[in-house]
Structure formats: structure tokens, C-alpha cells
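J.: Mind looking at a prediction? Sequence and model below.
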Amino acid sequence: MGGKSSKDAGRKGVSASRRRSPRNKGEQSFGREYSLKEDLAIKRVFRSGKKFKGRCLSIYYYGSGSLPLKIALKVRKNVGSSPERNRIKRIIREIIRTNKDKFQHRGHLVISAHVDPSDDSLFELIEKDLLDFAKVR
């Protein structure tokens with residue numbers, strides 16, 4: 001009767017083995033603060049924003065200097081399997097992370113990918129569209 005039941009096991013805190021180690025929040029990180037999750041903000045981007053159409057990306061953007069950089073990624077289900085769609089999203093995040101200075105003060109972005117994931121030059125195609133968008137704005 002002195003021991004804890006299984007219902008009480010997780011209430012006081014997380015055990016040391018399950019804690020996450022602190023991530024490197026340096027200059028080159030792409031953390032959650034760059035994620036656009038609010039439904040109203042995403043609707044505002046589509047309703048009031050502008051559109052940039054590249055070869056393999058459509059980028060909807062809203063705001064500029066007043067809004068911080070926040071990004072929502074969208075890859076349609078008819079674009080390959082889920083690992084291929086996730087790879088496309090990782091590539092987009094990596095390109096934005098490494099070229100963060102070009103995308104600062106760009107406002108809210110919704111990036112929609114419509115690219116063949118089996119293309120050999122996938123990284124270069126996505127990078128070209130994103131950097132063209134950064135130059136145009």
C-alpha cells in the first residue's frame with residue numbers, strides 16, 4: 001500500500017530517462033517558432049495574401065516587415081508515399097534554414113509542393129524556386 005499505482009506514475013513529472021535533451025537553439029536552427037499553425041493565420045494568407053508560382057512550388061505569402069517569418073508546408077497526397085512527402089518537407093526546411101537571412105521579415109508563408117519525388121535534381125529544383133521567391137519579394 002506504500003507503492004504508487006500505475007495511474008500515478010506520470011503525474012509528478014517525467015522520469016530522467018524520458019526527458020529530451022535540450023536542442024541547439026543557435027543561429028542556424030529551424031525551431032517551432034517558425035511554424036505557422038494557427039488556422040486563422042493560414043486562412044488570412046490564402047484570402048489576403050499574394051501568390052508566387054515556381055516550377056515545383058506555389059508560395060502564398062502575407063505581410064512583410066511587421067510579421068515574423070512563419071511557414072506552413074503542404075504536400076499533396078498524390079505526390080508519392082509519405083516518406084517521399086516528408087523528404088520534400090525536410091528539403092524545404094533545410095533550404096530555408098540555411099538561407100534564413102534571405103527569408104527574414106518575409107511574413108507568413110504557406111508553401112505548397114507539387115513536384116515528382118523521384119526526380120534526381122529534387123533539391124536543386126526546390127532550392128531554385130525558393131531562392132527565386134526570395135529575390136522577387
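T.: Looks like it came in fine. Numbering: from 1, shown residues only.
J.: three-state assignment of residue 119?
T.: coil (DSSP: H, G, I helix; E, B strand; the rest coil).
J.: and the closest residue to it other than its chain neighbours, how many neighbours?
T.: Leaving aside its sequence neighbours, residue 119 sits nearest to residue 125 (C-beta to C-beta, 6 or more residues apart in numbering; 6.6 Å). Heads up, the C-betas are built off the backbone N, CA and C, glycines and all. Per other C-beta atoms under 10 Å, the neighbour tally for residue 125 reads 19.
J.: Return the list of helices and strands in contact with the helix or strand containing residue 125.
T.: Using DSSP states H and E, the element containing residue 125 is helix 122-136. Packing partners of helix 122-136 (3 or more C-beta pairs under 8 Å, 6 or more residues apart in numbering; DSSP states H and E): strand 57-62, helix 82-98, helix 100-103.
J.: Where among these is average confidence lowest?
T.: Of all the helices and strands packed on helix 122-136, mean pLDDT reaches its minimum on helix 100-103 (a mean of 83).
J.: which residues are contacting whichever helix or strand comes after that one?
T.: Next along the chain after helix 100-103, taking DSSP H and E as the criterion, comes strand 108-113. Strand 108-113 is touched from outside by 36, 41-42, 44-46, 49, 56-63, 67, 69-76, 79, 88-89, 92, 103, 126, with contacts defined as C-beta atoms under 8 Å, 6 or more residues apart in numbering.
J.: Buried residues, strand 108-113. List them.
T.: 108-111, 113 (16 or more other C-beta atoms under 10 Å).
J.: For those residues, could you give me CSV that also reports distance to residue 32 and pLDDT?
T.: Below are the buried residues of strand 108-113 laid out as CSV (distance: C-beta to C-beta, whole Å; pLDDT from 0 to 100):
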residue, distance to residue 32, pLDDT
108, 15, 87
109, 15, 89
110, 17, 91
111, 17, 92
113, 21, 92
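J.: Can you point out the buried residues in the helix or strand of the chain with the lowest mean pLDDT?
T.: For the chain, the helix or strand with the lowest mean confidence is helix 100-103, at a mean of 83 (criterion: mean pLDDT, DSSP states H and E). Neighbour counts over helix 100-103 (16+ other C-beta under 10 Å) mark residue 103 as buried.
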